[in-house]
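I would like to see how this sequence folds:
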Amino acid sequence: MILKGHMVNNGVAEGEAVVYKGAFSFLGDLDPRSGKVPAKGHELEGQSLAGKVFVFTTGKGSTGGPLIAYDAKKRGNAPAAMICLEAEPVIVSGAIMANIPMVDKLDKNPLEVISTGDYVKVNADKGTVEIIKKEN
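Purely as a prediction, here's the structure:
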């Protein structure tokens, strides 16, 4: 399945999807040293986003978030790409600072057609997302 959307930050990446049906902030929701979600009680607590295609609803602000994204990228612990329903300015700044390909406003809701474990190819330059469903 191929979805079409809007480029937020250019680039091409692929990897296993991690899907989160909530708002995300690099500040507090990602440990740049490990690439894992450290927040106690968070739906993704302890799960690594490093090298994954991260699918989520939107960002939630803290202007310190982009610096965390950049730090995670320098350490090799940032998501390979990001897909969200609608990007907000702080998450966009993080994607740009860390040079993470990102798309939003897809023609189908990515939270409904992508599952954790699916293999996803993001071509933000073209605004496309290819989904290869995991085998059960």
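
I91 touches S62, doesn't it?
No: here I91 lies out of contact with S62, judged by Cβ atoms under 8 Å, at a distance of 10.4 Å. Yep, even glycine has a C-beta here, placed from its N, CA and C like the rest.

Surely V55 and V19 touch.
Yes: under the criterion of Cβ under 8 Å, V55 is in contact with V19, at a separation of 4.5 Å.

Between those two, tell me which one has more neighbours.
In this comparison of V55 against V19, neighbours counted by other Cβ atoms under 10 Å, the higher total goes to V55 at 28 against 21.

secondary structure element for that one?
V55 is located in strand 53-59, with elements delineated by DSSP states H and E.

before we move on, the earlier item: so what sits against both of V55 and V19?
Contact criterion Cβ atoms under 8 Å, 6 or more residues apart in numbering; residues shared by V55 and V19: 110-111, 114.

In contact with V113: list those residues for me.
Listed by Cβ under 8 Å, 6+ apart, the contact set of V113 reads 1, 3, 131.

Go through those and name the one nearest R75.
Distance from R75 was checked for each of these by Cβ to Cβ. The minimum falls on I131, at 28.2 Å.

pLDDT value on the residue lying closest to that closest one once chain neighbours are set aside, please?
Beyond its immediate neighbours in the sequence, the residue positioned closest to I131 (Cβ to Cβ, 6 or more residues apart in numbering) is M1, lying 4.7 Å away. The model reports M1 with a pLDDT of 93.

Equivalent analysis for N136, please.
The predicted local confidence for N136 comes out at a pLDDT of 66.

returning to what we had before: mind listing what's buried along the strand holding V55?
Of all the residues in strand 53-59, those buried under the rule 16 or more other Cβ atoms under 10 Å are 53-57, 59.

follow-up on the earlier one: higher neighbour count, I91 and S62?
The neighbour comparison of I91 against S62 (other Cβ under 10 Å) goes to I91, with 29 against 16.
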